[in-house]
Each structure stands twice: as structure tokens, then as C-alpha cells.
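Peer 1: Got a predicted model here, sequence first, then my questions.
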Amino acid sequence: MGDAEGPAGAEPAGGEADVLDRLDPVVLHHIVNTLGWPDLRPLQRAAITPLMDGEDVVLLAPTAGGKTEAACFPLLSAMAGHRWTGTSVLYLCPLKALLNNLAGRVDTYAQWLGRRAALWHGDTKESQRQRIRAEAPDILLTTPESLEAMLIGVKTDHARLLGTVRAVVVDEVHAFAGDDRGWHLLAVLERLERVTGRPIQRVGLSATVGNPGHLLRWLQGAGAGSRTGQVVAPGVHLPATGASGPGEQAAEASSRRSAGEVELDYVGSLDNAAKLIASLHRGEKRLVFCDSRRQVEELGAALRAREVTVFLSHASLSVDERTRSEQAFAEARDCVIVSTSTLELGIDVGDLDRVVQIDSPASVASFLQRIGRTGRREGTVRNCLFLTTREDTLLQAAGLLLLWSRGWVEPVLPPPEPRHLVAQQLLAVTLQQHKLGDRLWERQWNGLAPFDRSAAPILRFLTEEGFLDSDGGLLFVGPEAERRFGKRHFIELTASFTAPPQFTVLSGRTEIGRTDPSVLTEERPGPRRLLLGGRSWQVTYIDWLRKRVFVEPADSGGVAKWMNGGIAGLSYALTRAMREVLLGADPPVSLTRRAEACLAGQRETDAPDTVHPDGTLVTRVGRDVRWWTWAGYRANATLAATLQPVADPLQRPTDCWLRLREDLTPADWRAARESVGENLVLPDVDPRAVRGLKFSAALPERLAVATVAARLADFESARAVLSEPARLVDLSSSA
């Protein structure tokens, strides 16, 4: 998305040449003469007709598939042809960095027609916002949070600025749809349609997903049953159903694998990974993905110690620090950038030679995004080298590559029962309108569930607890909402997630980034040192009240640590694929001798006691009884709650197994399984998880707990495991 991609390798136009005539002639002139493109890509051609006909569309293509241009060229042509005025197109992204990356390109396209694009997000200066308010741009690039801030803010006349919107482009729509930001996005778009007084065309740009039809209907919101729409995905194989299915054409996947572009290695430690990266592919530009900020920092420091030119990118680095890294990396050649998933989305970091993955991402979709960063130059192929540091992550990577080899991609599904966001929206829309009719409030979301009449219990709680005041049939923002969310013009209301508290790290006046407070409080010998930006820093002063840490450079000894938010755990599909690997399945990629030896060792040592081809195993070693379900974290949490008579009550379920009571007998086990039937139980909820739910304070406790429990559950996978035979094996004698 963030990478400009033209018609390289475009198929001959053939009988479709006339579709280009629908584009505005000035746009077509610049495509040919300014960009120098002899033709458009198949995706870009296929998008013209539905977009110019005003249909809702999801454009599906791998990374660098030219989706931005596929959306912009027809919408600019429609803007000129229909003489739209004011801000007529919104371009929404999940990341500010992605917006920064796109703004110049989109503005260039707009200027072809004498139009203008502008940028508005949390880092936009007030002077720039004031100009937007005074002179509305034709295209406004922003985030859903900033869009809501415009709707509720006192400085912006939202009806004047946003009342002319005709179309909205949602970039990386799959990234929204899979979490609470998606619910927030849908609710804000419905409220925006109330402002415009007309339906707004919705265009989603997505990487490969397993359920594109479902994603389109999701994006259409309240109008899903009445609006026309289609998925546009030339060259991408679509699944036959909306449940799950392959992401890219099987032929393309097969050709990539047979060329040996994906290699799986086992290196045993992060330090060994640094040694390998430092010695391999010198002179090339390498992007290394890690799946934690701590790993990024430690690997960055290890590479820097080996005199590798290295840059870092993750969410706890300051904006300036990340921007400097990404810009320097884009301009350099012989270098490495180490990143979390922040560079997984379409931010342009130049022309890459290699992608290296430390351990394994948690999803096939993430892997497709990451490998899609390579192979863009003519004569090059997409490639990825996995360097796994532990036996369990080698197994996970092998399972993931097994799924990928079959063309399987996860379906994108919104989190269930977002009651906390219903509470947030009720407060936000009351702020926007200043008052709300206590009988007509649900119209604000055009009947979109769950922001409809079913939200009445939440509205009643908000009124009873003083978040809303009621007077003469009208609702107003109450004192409790002011107290909890009123700081800085209710800015807390516009973010749909809770970020763990972090301390800002400053060297002089330069902000380096943010660190977890636990690094500042835990007992450690010697001077207190942090690892941030791949460098060690010695703490000189801590301002506890303002949450600021002052540091100076140190030679070594820094510690990196961040608390992990959200629900951890692997999916049923990935964990089951790991089980297949233990049973002997190899992913059809290049395996190094080290990886082959480690997998062989796991199959010889671990597999006999943990997997069986004909079902699951319940193993006893002394007093330790484990049920090896290989079902994923959520299914195991569901099973632990459902089988309470035989499950150990003092356990935290894992991806692969759950612990049973030490006095379990075969009769107890049979009785517990037979008593379940269809009556599965929601998992138990840790109170800390409820506190991590943004706006949980605006919900009755029972509803907040029910929301978290529903998100922990996986009933379908739990039922699948319960339907399999389970073998009870006592391993005590052989242990």
C-alpha cells in the first residue's frame, strides 16, 4: 500500500483497453507521461468500473500490488467528473507513519487535477489543522481516532469540513477488522453518514486474507444488506466460502517455494542470529523482523557491537527516532533495519534485498506481509530466512510454513461483543451532538449492531452512574464522564485501546523513546541502565510525577523490557500444524541441517509423549497430568473452564496442553467428557484483563467480564478436540 507500484509485468490490455477511457483524460495523461506507465496492472484496471460506479469495494493484493493507485485514480476521476467540492474523499490508515509515507504521493496525484490532499493526525501541528479548517482539502488523510476527534472537538466545524465526504478509503482494512479499532471505525463511519446525509462509498485496501467476502460485508456496516459491492482481486485466489481459505494463487506459492526463497534455520540463541546476520548477505539491504520490542533492542545492540550499520523501529521509540531510522535505511545499501510489526504494513523503506525473520510470526497473514517486502525488482524473487532461537519457535515456524505451503490464510474476524466500545460511542456521540434524545439515540449508528437498541442496558448504566445526565427526554455528558475521560477535551475517548503506562526517556532535550516502568523499579545490582534504540543508556534522574527518565550514553549493560498487553496465544490452526510437524510433516521449504537435526530430535524425544496420529494424549508423569490437545490458547482456556471437575484450577492454559487434576482416574475422565455435551463454558477471567479493557469503567462489571470471557473463548475448536479420542498414558515408569 505505501509502495508506489505501477504496471511492471502488466498483462496486455487486450479487449479491456476501453476501461481506461473511463478515467479522467488528465489522469490518464499523467499515468502515461508523468509516471511513464505503458499500462495499468490487472488490479488497477479491474478497480476502475466498480469504483467509478460508486460501489463498495475491497481491493485485495499482496504487498506492493499497487492498491493505492487502484483506489486513487478512479476516485480522482469521479471527483472531476461529478465536480465534487470540499473534502470529498477520506483516506484512513491505522498508522500515522503510513499516512506520512502516503501523503506526498496522494497529493501529487490530486495536483494533476488542480486538487489538494492534506494530512491530519495526532502529530499534526495546530497551524496545519487551522489551514485545513479554513481551506478544506479535496482528500484528507487521517486516522479513525483523529476523525472522531474532529466530530467531537470544539475547534472544528465538523459539518462544514466533513459534510461533503463522498468516499472513504480504508488502507490496511484487515488490520482494523481484526481488533477493536475496527468496531470503532465502523461506528464513526455510521456517524459520519449522519453528518453527510447520504451513504458514503467505502473502499478497503487489504493484503491477503482468508475471508475477503466477509471483510467486504463487514466494511459496509449497517448498509451491508442493501448496498452493492465486490471484492476485486485479479491474480489472487479467493476462497470458496467466507470462512477461511488460500491467500495467493497456488501456482505462485508453488513457484516461490521450488525456487528455494524460504529457508528455515535453527541457531539456538539471539546472539548466534546476530553473528549470522552480520556475516551473511554483506552489501545488501536486510529487514529483520522480531516479534517483541525487547528482541529488537537486544538484536540491534548485538549487531551494532559487530560493526553492522543497523537501524531500529518499534512502537516505543520516539517518532523522530523511528523516522530517522526509516529514512536512513531507505537511503542506505549495506545495512540492516530491525523492526517489530511496525514495518509489516505498507510503509516504504526502499528497495529491499532480504527479509530475515527471528523465530516466527503468529500468523500466515503476517508472514505474507513480511515476505512481500522483497522480490520487487525485476529479476529478483521474494525471500525470507527464518532464524529460530528456541526449539518451540522452530516448531512454530515449521507449522506456519506448512500452512502457508497449502495456501491457507487466517480469516479476519472482529472481536466479539464490544460492549466497552458501545459505552464509548454513547459518550462520544453525546459530546458530538451536545445532547441526545433518550428514545432516538440508536439512530446515530443507522441500526448497526451492537450500537442499536440492544445497547439499552449499557445506556441505563451510564445514566445511573452519572456518566450521562438525563433531563426532559434528553441526555447530556455527566460529571462522571468529565472526571474519568474529560482531560484535554476528552482526548481519552477517541482511542479504543489502553496502552500500558510508559516513561518517556530523554537524553538532554532529545526524546529517545519510552520504557516500561518495571525496568526502573526492579532490583538489579550496579547502575541502572536501559537499552533503547539499540544503545545502552545510564539513568541519571527519574521524574516519577511526570513519568520522565533522563539518561546519558553508556558503553553496555542496558536492559530492555516491556509488559506485553492483550491476550497471548496461538490459534487452533497453527498449533495443529505444529502437531503435524511433530508427527512427521515437513514444510516444503529449504531446511538447514541444524533445523533438520533439531526437528528430528523433537520428533524422537518429545513426540512420543505429546502427539498421536489417532487423537489426543493424556499423560501422567508422577503427579503431573497433562492433556495434550494441540488446540491453541483460546480453545484450551475454554476446555479448562468446561471440564472444571477434572481440570487443575490453579493453571494458566498453554497453546498445546492443559493440566488436569493429579488424582484423575480413567472413570473421572470419561464421566467429565460425557457430561459436557454441547454445554461449553466461557473461560474464567482475570480481573487484570478486565482493567485492561478500555472504557470498562463505563460498563457494569458483569458485562465487562462477559466481554473479556467471550474474547478468550474458542468454542468451535474446543468442540473439535472433544470429538477426538483421547488416550491415557502413564509415563511415570519410563520417566
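Peer 2: Happy to help now that I have it. Worth saying up front: this structure is predicted, and the values here are computed from it rather than measured. Residues are numbered from 1 along each chain as shown.
Peer 1: could you pull out the helices for the stretch 551-700 of the chain?
Peer 2: 572-582, 593-605, 607-610, 633-642, 666-676, 687-691 (DSSP state H, counting those that start in this stretch).
Peer 1: Could you say which of the ones you listed is packed most deeply?
Peer 2: Mean neighbours per residue, mean count of other C-beta atoms under 10 Å, is largest over these for helix 633-642, with a mean of 26. (Each C-beta comes from the backbone N, C-alpha and C, glycine too.)
Peer 1: Can you name every helix or strand that that one contacts?
Peer 2: Counting contacts by 3 or more C-beta pairs under 8 Å, 6 or more residues apart in numbering; DSSP states H and E, helix 633-642 packs against strand 657-660, helix 701-712, helix 715-722.
Peer 1: Export the ones you listed to TSV and append columns for distance to Leu368 and mean neighbour count.
Peer 2: Shown next, in TSV, are the helices and strands packed on helix 633-642 (distance: least, C-beta to C-beta, whole Å; neighbours: other C-beta atoms under 10 Å):
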stretch	distance to Leu368	mean neighbour count
strand 657-660	29	21
helix 701-712	25	18
helix 715-722	23	19
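Peer 1: got these as JSON lines, with mean pLDDT columns?
Peer 2: Formatted as JSON lines, these follow (pLDDT from 0 to 100):
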{"stretch": "strand 657-660", "mean pLDDT": "95"}
{"stretch": "helix 701-712", "mean pLDDT": "92"}
{"stretch": "helix 715-722", "mean pLDDT": "95"}
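Peer 1: out of the ones you listed, nearest to Gly86?
Peer 2: helix 701-712 (38.7 Å; C-beta to C-beta).
Peer 1: Can you name the residues in contact with the closest one?
Peer 2: Residues from elsewhere that reach helix 701-712 (C-beta atoms under 8 Å, 6 or more residues apart in numbering): 415-420, 457-458, 461, 567, 634, 637-638, 682-685, 689-690, 693, 696, 699.
Peer 1: the bottom helix or strand of this structure by mean pLDDT?
Peer 2: strand 245-246 (a mean of 34; mean pLDDT, DSSP states H and E).
Peer 1: separation between Ser723 and Val646?
Peer 2: According to C-beta to C-beta, to the nearest Å, Ser723 and Val646 sit 18 Å apart.
Peer 1: Mind checking which of those two has more residues around it?
Peer 2: Val646 (19 against 8; other C-beta atoms under 10 Å).
Peer 1: where does the more buried one sit relative to Ala640, distance-wise?
Peer 2: As for Val646, its distance to Ala640 is 10 Å (criterion: C-beta to C-beta).
Peer 1: wait, what's in contact with the closest residue to Pro700 other than its chain neighbours?
Peer 2: Nearest residue to Pro700 in three dimensions, chain neighbours excluded: Phe461, at 5.0 Å (C-beta to C-beta, 6 or more residues apart in numbering). For Phe461, the contact set (C-beta under 8 Å, 6+ apart) comprises 423, 698-700, 703.
Peer 1: ok, the residues you listed vs Ala573, which is closest?
Peer 2: Of all the contacts of Phe461, Ala573 sits closest to Leu703, with 30.2 Å by C-beta to C-beta.
Peer 1: From His420, how far out is that closest one?
Peer 2: 9 Å.
Peer 1: returning to what we had before: now the strand or helix carrying the residue nearest to Pro700: buried residues?
Peer 2: Element membership for Phe461 (DSSP states H and E) is helix 456-464. Buried residues in helix 456-464, counted by 16 or more other C-beta atoms under 10 Å: 458-459, 461-463.
Peer 1: now stretch 519-528
Peer 2: Applying 16+ other C-beta under 10 Å to stretch 519-528 flags 519-520, 528 as buried.
Peer 1: Give me the local confidence score for the closest residue to Lys275 other than its chain neighbours.
Peer 2: Sequence neighbours aside, Arg306 is the residue nearest to Lys275 in space, at 7.3 Å (criterion: C-beta to C-beta, 6+ apart). If you check Arg306, the pLDDT there is 93.
Peer 1: how many other residues sit next to Arg306?
Peer 2: Using other C-beta under 10 Å as the criterion, Arg306 is surrounded by 13 other residues.
Peer 1: check contacts around it.
Peer 2: By C-beta under 8 Å, 6+ apart, the neighbours of Arg306 are 274-275, 278.
Peer 1: centre of the chain versus stretch 94-114, how much separation?
Peer 2: With C-alpha atoms, centre = their mean, to the nearest Å as the basis, stretch 94-114 stands 22 Å off its chain's centre.
Peer 1: repeat for stretch 602-620
Peer 2: Worked out by C-alpha atoms, centre = their mean, stretch 602-620 lies 33 Å from the chain centre.
Peer 1: cool, stretch 648-664 as well?
Peer 2: Computed by C-alpha atoms, centre = their mean, the separation of stretch 648-664 from the middle of its chain amounts to 30 Å.
Peer 1: Buried residues in that stretch, which are they?
Peer 2: 648, 653-661, 664.
Peer 1: Go through those residues and name the one nearest Arg45.
Peer 2: Asp655 (43.5 Å).
Peer 1: The closest residue to that closest one other than its chain neighbours and Asp392, how far apart?
Peer 2: Nearest non-adjacent residue to Asp655, counting by C-beta to C-beta, 6+ apart: Leu570, 4.4 Å away. When distance is defined by C-beta to C-beta, Leu570 is 10 Å away from Asp392.
Peer 1: Just want to know which of the two has more residues nearby.
Peer 2: Ranked by neighbour count (other C-beta under 10 Å), Leu570 and Asp392 place Leu570 first, with 24 against 16.
Peer 1: Tell me where the stretch 51-200 of the chain has strands.
Peer 2: Assigned by DSSP state E, counting those that start in this stretch, the stretch 51-200 of the chain shows strands spanning 56-60, 89-92, 117-120, 139-142, 167-171.
Peer 1: would CSV of the ones you listed with distance to Glu344 be doable?
Peer 2: Listed next are the strands of the stretch 51-200 of the chain as CSV, based on distance: least, C-beta to C-beta, whole Å:
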stretch, distance to Glu344
strand 56-60, 17
strand 89-92, 18
strand 117-120, 22
strand 139-142, 20
strand 167-171, 13
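Peer 1: so which of these gets nearest Pro608?
Peer 2: Nearest of these to Pro608, taken as C-beta to C-beta: strand 56-60 at 43.0 Å.
Peer 1: helices or strands next to the closest one in the packing?
Peer 2: Other elements packing on strand 56-60 under the criterion 3+ C-beta pairs under 8 Å, 6+ apart are helix 42-52, helix 67-81, strand 201-206, helix 212-220, strand 229-232.
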